[in-house]
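K.L.:
Quick one: sequence plus predicted model below, questions after.
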Amino acid sequence: MIQNFQELSDDMLRTENVMKTYMSGEVEVTALHEMNIAIKKGEFTAIAGPSGSGKSTLLNLLSGLDKPSSGKVFINQKAISDMSGNQLSDFRRDHIGFIFQSYNLIPVLTVKENIEYIMLIQGIAEAERLERVNEILNDVGLASMGNRRPSQLSGGQQQRVAIARAVVSRPDIILADEPTANLDSKTADNLINMMQTMNETKGITFLFSTHDKRIMDHSKRLIILKDGKIDSDN
Amino acid sequence: MWLILRLAFRNIFRNKRRTILSVIAIGVGLAAMMFADALIVSLGETMVRSATQDFSGNAQIHQESFTKNLEVEKVITGNENNLLLKKLEDESELQSFTPRVLSYGMLTSTSDANNIVVYGIDPEKEKTVSKISQRMVAGEYLGPGNERKIIVGKKLADNLNIGVGDRVVVTVARAHVGDLSQEMFRVGGIFAFGVREMDENVAFIRLKQAQSILNLGEGIHEIALNFKDLNIPAQKNFVIGTRYSRGGNIVYGWNKMFKDLASILQFTQFSLGILAFILFGIIAFGIMNTLFMSLYERMFEFGVLRAVGTRPSVVARMIIYEAFMLALVSSVAGIIMGLILIGFFSKYGIDYRGIEYAHLVFKDKIYPHLRLIQFILYPPCLIVFATLVGIYPALYAARIIPAVALRKK
């Protein structure tokens, strides 16, 4: 039954009764209750909700950074929750892009090297790597800053590099965890517009976990979580 | 791979102060190891030199079993017309050698008598092997002139109440016939080696005189050998030893002549091994500590690396590269420190003079040696050891769960 559904589904990302519990001292806490979500290719979706509603937990499960206590996660019809450590690493490398709240660039690498890193572990040839790096640096408006270290950039510039890093490996989906949380309004607006343009022109799928109303306003779909359950999905 | 290497190299210099302190600590450990090696090797050589260069020589040739009871008939074989001595002159490893005869005997003065070992020596050749001529405290060494001179140890002279110019009588048993032979000598000089056995029981006369009173013809009992490299007689492949241990003769290197000394040196080498183990252990924990501190600081970063698809094995490799590079930089620092330390003391020496160790009194300063092995053995050992030590933090880093690591910031 599930097999047939998988074959017919055009969902890029899908969860089946995903549940996550963890121990807080001796008390078992359920962070997510049997959740079913499906994201289609090209969507620009935001997951919102108060702190502790399960946004980050859901994002961790969707990206394979964490394993569900029960249920399954599928990306492009592949059940990532069944994959081994190396398979998951390779899968994330080739199919998922990440944007973190605190940019999280590697401080000892230059901007170019940070962007190049994923392509390097993907085994892409040097010429193509450099071409893609230069192209994406132009796209994010940092063409002249390729040789700088992250510490020499502003927060907004660092987040642009983080977006470039997430996009450059051409993943199927980009998962962004509070990408504008540490930025001022103007910078945040610019970044949201940039990501939206990428979504519209290049068809890149974005899934945000956010508190930011501006992201929610720009999203084509908004999922609200409450107490580890879907409260609304519009 | 190059990016991971580059990443590892830059990572070790992220916290410069910590890295510099670690490099100094590890470097000091390596320099200490190199210095200990230099000192122990020199100490050993000084001990061997002290033991052998005063009188015995680095090695000796005798007829087999002669040394058990000094049977006067047991002369070295194959030395007719000094054949053996001529052959020794062609040995390139030899620095010098000297023939001797020796026998138990009695030395009698007008007031007392003492059992002695009387040596017949070739005064000129003896100078090239032993230091009798340099240990004279009264009178003269056996020079040209009166053939009936004898030189005696200081304590022996005191016991017999004799001084330079006094008459003494040497009594020995003649070879082959067993008769006693007595000969009168005049004391030409008194020596003091500072070693009781030598100063109380030994007397030297000329070789020809000794051969004559012992009825030996041209026979000799002992050839003392000095080598250009005093390690040669203790080597397993002691070529001269094998070559001349024939026809009833045997060659003993210093390690066989002074078995206690050889054991002490062996023990010293063993101690060096233990010291190396302890120092490398300290270094290992130093490296591990540095790596773990750096690892805990960068936990979130490892989460990011893992999240973007870096395999655990690549993360592990990066930590091992960091350990390798830390050890490499530390080795360079250690080599420089070691060179300065050993260089300084090899020039000015360490003054152990007058200190007695293992029945030997150090008469010279100890000058630690720079040896190639200190540079081609210890630093690579440190690098390999440190890299292996890096495996533990590397495995720890590889097992980091990305979701947990990402919560650490």
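P.N.:
Happy to help now that I have it.

K.L.:
Only C-alpha atoms from now on, for both contacts and neighbour counts.
P.N.:
Noted.

K.L.:
name the element the residue of the stretch 151-300 of chain B with the smallest separation from chain A belongs to?
P.N.:
Here the stretch 151-300 of chain B gets closest to chain A at one residue, residue B:300, 8.3 Å apart by CA to the nearest CA. Using DSSP states H and E, residue B:300 falls within helix B:299-307.

K.L.:
With residue B:76 instead?
P.N.:
Using DSSP H and E, residue B:76 falls within no helix or strand.

K.L.:
Spatially nearest residue to it (excluding sequence neighbours)?
P.N.:
Leaving out its chain neighbours, the residue that sits closest to residue B:76 by CA to CA, 6 or more residues apart in numbering or on different chains is residue B:63, at 4.8 Å.

K.L.:
Spatially nearest residue to residue B:116 (excluding sequence neighbours)?
P.N.:
Residue B:116 sits nearest to residue B:201 (CA to CA, 6+ apart), 4.6 Å away.

K.L.:
Count the residues that sit near the one you found.
P.N.:
When neighbours are counted by other CA atoms under 10 Å in any protein chain shown, residue B:201 registers 22.

K.L.:
who are the neighbours in contact with it?
P.N.:
B:114, B:115, B:116, B:117, B:153, B:156 (CA atoms under 8 Å, 6 or more residues apart in numbering or on different chains).

K.L.:
again, only this time at 7 Å
P.N.:
Residue B:201 is in contact with B:115, B:116, B:117, B:156, counting by CA atoms under 7 Å, 6 or more residues apart in numbering or on different chains.

K.L.:
Rebuild those as a markdown table, extending it with secondary structure.
P.N.:
What follows is those, written out as a markdown table (DSSP: H, G, I helix; E, B strand; the rest coil):
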| residue | secondary structure |
| --- | --- |
| B:115 | strand |
| B:116 | strand |
| B:117 | strand |
| B:156 | helix |
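
K.L.:
from the chain's centre, how far out does the helix holding residue B:300 sit?
P.N.:
Put simply, helix B:299-307 sits 54 Å off its chain's centre (CA atoms, centre = their mean, to the nearest Å).

K.L.:
The very next helix or strand once past it to helix B:299-307, inter-axis angle?
P.N.:
Counting by DSSP H and E, the next helix or strand C-terminal to helix B:299-307 is helix B:312-348. Between helix B:312-348 and helix B:299-307, the angle comes out at 130 degrees (axes from the mean of the first three to the mean of the last three CA atoms, to 10 degrees).

K.L.:
Which strands and helices lie in contact with helix B:312-348?
P.N.:
helix B:2-12, helix B:16-51, helix B:378-389, helix B:391-398 (3 or more CA pairs under 7 Å, 6 or more residues apart in numbering or on different chains; DSSP states H and E).

K.L.:
Can you give me the distance of residue A:75 to chain B?
P.N.:
Here residue A:75 is placed at a distance of 15 Å from chain B (CA to the nearest CA, to the nearest Å).

K.L.:
correction: residue A:159
P.N.:
Distance, residue A:159 to chain B, using CA to the nearest CA: 14 Å.

K.L.:
That residue: which element?
P.N.:
According to DSSP H and E, residue A:159 maps onto helix A:155-168.

K.L.:
residues from chain A in reach of chain B?
P.N.:
Applying CA under 7 Å from any CA of the partner chain, we find that chain A lies next to chain B at A:60, A:65-66, A:86, A:89-90, A:92-93, A:97-98, A:104, A:106, A:108, A:118.

K.L.:
Give me the next element, helix or strand, following the helix or strand encompassing residue B:87.
P.N.:
Using DSSP H and E, residue B:87 sits in helix B:83-88. Downstream of helix B:83-88, the next assigned helix or strand under DSSP H and E is strand B:94-108.

K.L.:
And the contacts of that next one?
P.N.:
If you take CA under 7 Å, 6+ apart as the criterion, strand B:94-108 is touched by B:70, B:72, B:113-122, B:125-126, B:128-129, B:168-172, B:207, B:210, B:220-228.

K.L.:
Please list only the buried members of these.
P.N.:
Buried by 16 or more other CA atoms under 10 Å in any protein chain shown: B:70, B:72, B:113-122, B:126, B:128-129, B:168-172, B:207, B:210, B:220-227, out of these.

K.L.:
Just to be sure, which of those are found in strands?
P.N.:
B:113-121, B:168-172, B:222-227 (DSSP state E).

K.L.:
Return the per-residue confidence for the spatially closest residue to residue B:291 that is not a sequence neighbour.
P.N.:
Residue nearest to residue B:291 in three dimensions, not counting chain neighbours: residue B:393, with 6.8 Å by CA to CA, 6+ apart. Looking at residue B:393, its pLDDT stands at 92.

K.L.:
ok, which residues in the stretch 201-350 of chain B are in contact with chain A?
P.N.:
B:301, B:304, B:306, B:307, B:308, B:309, B:310, B:311.

K.L.:
what pairs with the residue nearest to residue B:76 across the strands?
P.N.:
On the basis of DSSP bridges, residue B:63 is bridged to residue B:249.

K.L.:
any idea which residue sits dead centre in chain A?
P.N.:
The C-alpha lying nearest the average C-alpha coordinate of chain A belongs to residue A:175 (CA atoms, centre = their mean; 1.0 Å).

K.L.:
give me the beta-bridge partners of that residue?
P.N.:
residue A:98, residue A:207.

K.L.:
Ok, residue A:21 next?
P.N.:
Residue A:21 has the following beta-bridge partners by DSSP bridges: residue A:30.

K.L.:
count of residues packed around residue B:294?
P.N.:
For residue B:294, the neighbour count with other CA under 10 Å is 18.

K.L.:
no wait, residue A:151
P.N.:
Neighbours of residue A:151 (other CA under 10 Å): 13.

K.L.:
still on that earlier bit, list the helices and strands the helix holding residue A:159 packs on?
P.N.:
strand A:96-99, helix A:111-122, helix A:126-139.

K.L.:
Pick the most buried one from the ones you listed.
P.N.:
strand A:96-99 (a mean of 27; mean count of other CA atoms under 10 Å in any protein chain shown).

K.L.:
quick one: low-confidence parts of chain A?
P.N.:
Flagging of chain A using pLDDT under 70 yields the residue ranges A:1-9.

K.L.:
what's near enough to touch residue A:15?
P.N.:
Contact partners of residue A:15, counting by CA under 7 Å, 6+ apart, are A:35, A:36, A:37, A:38, A:72, A:73, A:74.
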